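Q: pasted the sequence and its predicted model underneath.
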Amino acid sequence: MKKVHIKSYGCQMNVYDGQRMADVLGQEGYVETATPDDADLILLNTCHIRERAAHKVYTELGKLRDLKRERKAQGRETTLVVAGCVAQAEGAEIQRRQPAVDLVIGPQTYHRLPELLAQAKSGRVVDTDLPPEDKFDHLPAPKLAAIVARGVSAFVTVQEGCDKFCAFCVVPYTRGAEFSRPVAQVIAEVERLAQAGVQDVSLLGQNVNAYHGDGPDGRVWTLARLMRRIAEVPGIARIRYTTSHPRDMDEDLIALHRDLPQAMPFLHLPVQAGSDRILAAMNRKHTGDEYRRLIDKIRAARPDIALSSDFIVGFPGESDADFEETLRLIADVRFASAYSFKYSPRPGTPAAELSEQVPPTVMDERLYRLQALVEQHRQEFNHAMVGRTVEILIERNGRHSGQLAGKTPYMQAVQIESAAHRIGDRVMVQIERAGSNSLFGRAVEQPGLAA
Ligand code: SAH
Ligand code: SF4
Ligand code: F3S
């Protein structure tokens, strides 16, 4: 039996892609292994978003070259594959820097993996095509057993690529132009997931709320329409979507947070910065106040919604005053959580050419202050849950025996002690305590609500 080890870096879409590659390789007789040491095929599914992420790949490849040599000395062959966004961005350069790499494959040609692996037997191969055919038409549906093994929450890519061209970002270059999967294809995939016990789906896209897929009625469907249809799939109890762009939050999608019970009260809506001058330089196409007004509308539809964002500190030209504007926006909105990053110049992006790069020590200090403020709001949001009773979807066993771990509708991790429940149950839980990373609660009797 041939074994494959897949290591995914970066965003949730890479995790999903890793699963789809495992599915296609499964058809070729590969089984997955958690360690590289016993793998005949090692696949790094890479991320190019910041310099550090891209750099990690080469460090890892150095180690894998040594492993490949050791295995060779024992008479075992190892095929080394680099997939993902670094593959798309750097192509043949990867094999120039690390000749042990057999195959470089970009995100839009994963359906060609079997034929490319066959070609790679007789020499190194690079495929960073953006082909006209749709890879999803050619990727096999996952086996039911594979879905079950992945748990009750699953990702489904519905949209890929980005046409927004934020000045700092490589994604439009690594993932290509915006593309939406047809509705029927998405529904078929969700139905299959539901058959295998999935109850919680996260719809993925670099700009997921720009979704405009071909509907079965010959019309173009929006994300809101797609979500309403997904909510009709028996067994699907929770629907989330990520990542959205503020410009594409339409009225219909906002209303869905009020009207559709399966739409979870959680929204990741990156704003990046608070200063209008910086937002314009970033080519974000919205101001700080437009974002605030949008948040007001969303909260009017769903007052308890948990909001999350991404922030970049130290974008070229960001002054102290600009940064204070970011803190002011955070104080106004009060996010339940957020990711924040120091600006990293990326080759080929417009912002990398700008003068006035912000010194690293200034970025460090800004990041520290921003994270402290976000953390304060996150803790307040979590502590406000104490005493409330909410539905938890149990996703896995907890750290200790008798413990189960799940998520609130707001995406918070919760631990409960219970011998009576199991993975996949939806159970009403009274929150008793908020730890720094997890809530703790107790199942309360609510007949009919548990799954
Ligand atoms: N819309 C995308 C965003 C991908 S990048 C999505 O699907 O998630 C995730 C986050 O990384 C961005 O929101 C941004 O905050 C950050 N980021 C992107 N490029 C960056 C760069 N050059 N330096 C630092 N952070 C960056
Ligand atoms: Fe990158 Fe901006 Fe597109 Fe998000 S919207 S993927 S940050 S270019
Ligand atoms: Fe990274 Fe590509 Fe995702 S650059 S964040 S893996 S889209």
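A: Thanks, I have the structure now. Ligands and ions are numbered 1, 2, ... in the order given.

Q: and Arg284, helix, strand or coil?
A: At Arg284 the chain is in coil, as set by DSSP: H, G, I helix; E, B strand; the rest coil.

Q: show me the contacts for it.
A: Cys166, Pro246, Val271, Gln272, Ala273 (Cβ atoms under 8 Å, 6 or more residues apart in numbering). (Each C-beta comes from the backbone N, C-alpha and C, glycine too.)

Q: hmm, Ile416 and Val403 touching each other?
A: Slight slip there: residue 403 is Gln, not Val. Yes: Gln403 is in contact with Ile416 according to Cβ atoms under 8 Å; the separation is 7.2 Å.

Q: which one's more surrounded, those two?
A: Ile416 (23 against 14; other Cβ atoms under 10 Å).

Q: next, the more buried one: phi, psi?
A: phi -130, psi 150 (degrees, to the nearest 10).

Q: all helices of the stretch 251-400 of the chain, in order?
A: Counting by DSSP state H, counting those that start in this stretch, the stretch 251-400 of the chain has helices at residues 251-259, 276-281, 288-301, 320-333, 360-383.

Q: out of those, which one sits most buried?
A: Of all these, helix 276-281 carries the top mean neighbour count, a mean of 19, counting by mean count of other Cβ atoms under 10 Å.

Q: same question for it, mean pLDDT?
A: Mean per-residue pLDDT for helix 276-281: 98.

Q: next one: stretch 20-37
A: Computed over stretch 20-37, the average pLDDT equals 95.

Q: how long is it from one end to the other?
A: End-to-end distance of stretch 20-37 (Cα to Cα, to the nearest Å): 22 Å.

Q: need the helices of the stretch 251-400 of the chain in JSON lines (columns: distance to Tyr241).
A: As requested, the helices of the stretch 251-400 of the chain are arranged in JSON lines below (distance: least, Cβ to Cβ, whole Å):
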{"stretch": "helix 251-259", "distance to Tyr241": "9"}
{"stretch": "helix 276-281", "distance to Tyr241": "23"}
{"stretch": "helix 288-301", "distance to Tyr241": "13"}
{"stretch": "helix 320-333", "distance to Tyr241": "19"}
{"stretch": "helix 360-383", "distance to Tyr241": "20"}
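
Q: so which of those gets nearest ligand 3?
A: Nearest to ligand 3 among these is helix 360-383; the distance by Cβ to the nearest ligand atom comes to 18.5 Å.

Q: which strand residues bridge the residue lying closest to Val414 once chain neighbours are set aside?
A: Using Cβ to Cβ, 6 or more residues apart in numbering and skipping residues adjacent in sequence, the residue nearest Val414 is Leu439, 4.5 Å away. Applying DSSP bridges to Leu439 gives these bridge partners: Val414, Ala434.

Q: isn't Leu439 right next to Arg433, touching?
A: Yes: using Cβ under 8 Å, Leu439 is in contact with Arg433, at 7.1 Å.

Q: these two - which one has more neighbours?
A: Under the criterion of other Cβ under 10 Å, the comparison of Leu439 against Arg433 puts Leu439 first, with 26 against 14.

Q: residue of the stretch 101-250 of the chain with the smallest distance to ligand 1?
A: Thr243 (3.5 Å).

Q: partners of the closest residue to that residue other than its chain neighbours in the sheet?
A: Of all residues not flanking Thr243 in the chain, His268 sits nearest, at 5.7 Å (Cβ to Cβ, 6+ apart). Beta bridges link His268 to Ser308 when assigned by DSSP bridges.

Q: wait, isn't His268 in contact with Ala306?
A: No: look at His268 against Ala306 with Cβ under 8 Å: they stay out of range, at 9.4 Å.

Q: overlap of the contact sets of Leu439 and Arg433?
A: Val386.

Q: neighbours around Ala53, how many?
A: 17.

Q: can you classify it as helix, strand or coil?
A: Applying three-state DSSP: Ala53 is helix.

Q: model confidence for it, exactly?
A: Note for Ala53: predicted pLDDT of 88.

Q: confirm for me that it is in contact with Thr59.
A: No: applying Cβ under 8 Å, one finds Ala53 not in contact with Thr59, separated by 11.3 Å.

Q: quick one: Ala300 and ligand 1, what's the gap?
A: From Ala300 over to ligand 1 the distance is 25 Å, taken as Cβ to the nearest ligand atom, to the nearest Å.

Q: ignore what I typed, I meant Arg292.
A: For Arg292, the distance to ligand 1 - Cβ to the nearest ligand atom - is 18 Å.

Q: skip the chain neighbours and tell me the closest residue to that residue.
A: Per Cβ to Cβ, 6+ apart, closest to Arg292 is Asp332, 6.0 Å.

Q: tell me the secondary structure for Leu67?
A: helix.

Q: what residues are up against it?
A: Pro36, Asp37, Ile42, Thr78.

Q: among those, which ones are in helices?
A: Among those, DSSP state H puts none in helices.

Q: show me which residues of the protein are close to ligand 2?
A: Cys162, Lys164, Phe165, Cys166, Cys169, Val171, Pro172, Gln206, Asn207, His245 (Cβ under 6 Å from any ligand atom).

Q: near ligand 3, list only the ones from those.
A: Near ligand 3, by the rule Cβ under 6 Å from any ligand atom, you find Val171 out of the residues of the chain next to ligand 2.

Q: sort out for me which of the residues of the chain next to ligand 2 are in helices.
A: If you go by DSSP H, the residues of the chain next to ligand 2 have Val171, Pro172 in helices.

Q: so which of the residues of the chain next to ligand 2 is the closest to ligand 3?
A: Nearest member of the residues of the chain next to ligand 2 to ligand 3, counting by Cβ to the nearest ligand atom, is Val171, at 5.1 Å.

Q: residues contacting that closest one?
A: Val171 makes contact with Ile49, Cys85, Gly161, Cys162, Gln206 under the criterion Cβ under 8 Å, 6+ apart.

Q: could you work out the most separated pair of those residues?
A: Ile49 and Gly161 (14.7 Å; Cβ to Cβ).

Q: show me which residues of this protein are close to ligand 3?
A: Contact residues, the chain versus ligand 3 (Cβ under 6 Å from any ligand atom): 10-11, 13-14, 47-49, 84-85, 170-171, 174-175.
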